[in-house]
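Peer 1: Just to be clear, the model below is a prediction. Sequence and coordinates:
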Amino acid sequence: MMATTTRTAGKAPLSAYVLSIVMALVLASIVGAIASVFYDENRLLGFVIFSACTAGTFFALGWVLFVSKYTVEEDAHAEDNIEHRWYDKATSGAFHDIITTAGIALFALAITRLEVSGMVVLTLILVLAVVSFAVRFWVARRRDS
């Protein structure tokens, strides 16, 4: 007879939380240090701003890497969930939106010979991707509800 065990989501050990926080602070500080190299006027301000802006993302990454294995139960059939299908539909559609929009924008820029900075272009692409995904996910969810 085979014994089965079920793991319940609980608290992670203190060391997992500490590792998560330390990793986040170190990575955010590294990003801040790299960014400060490119700021001639006020390196400390560049360091603080970029460290603060990236800290949240690194805290989330640290939680996923160190804490979540103790606090989150894995769903063996996650790919069969309706939310997964909504996510697939939304990402697929958003990708096509980005390709189409980038092609049209490139065509327009080539004809008009307008110069646009890389920062502006990448920001617009990122905003388009997020908005397109959010709208498509919401629509898929509404249709299936």
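Peer 2: It's in. Residues are numbered from 1 along each chain as shown.

Peer 1: Need the nearest residue in space to residue 55, chain neighbours excluded.
Peer 2: In space, residue 55 comes closest to residue 28 once its chain neighbours are excluded; the distance is 4.2 Å by C-beta to C-beta, 6 or more residues apart in numbering. Using the backbone N, CA and C atoms, a C-beta is placed for each residue, glycine as well.

Peer 1: for residue 97, that is, sorry about that
Peer 2: residue 132 (4.3 Å).

Peer 1: Within the helices and strands, which one has the one you found?
Peer 2: Element membership for residue 132, per DSSP states H and E: helix 118-144.

Peer 1: Give me the neighbour count for residue 64.
Peer 2: Other residues near residue 64 number 12, with proximity taken as other C-beta atoms under 10 Å.

Peer 1: quick one: contacts of stretch 87-95?
Peer 2: 129, 132-134, 136-137, 140 (C-beta atoms under 8 Å, 6 or more residues apart in numbering).

Peer 1: same thing with stretch 34-44?
Peer 2: 45-47, 49-50.

Peer 1: Show me where this structure has its helices.
Peer 2: 14-37, 43-62, 68-71, 82-112, 118-144 (DSSP state H).

Peer 1: what does the shortest one rub up against?
Peer 2: With contacts defined as C-beta under 8 Å, 6+ apart, helix 68-71 is touched by 9-13, 16.

Peer 1: Drop anything exposed from those residues.
Peer 2: For these, a neighbour count by 16 or more other C-beta atoms under 10 Å gives the buried set as 12, 16.

Peer 1: between the contacts of helix 68-71, which is nearest residue 78?
Peer 2: residue 9 (15.0 Å; C-beta to C-beta).

Peer 1: Give me the most central residue, this protein.
Peer 2: Centroid-nearest residue in the chain: residue 57, 7.7 Å away (criterion: C-alpha atoms, centre = their mean).
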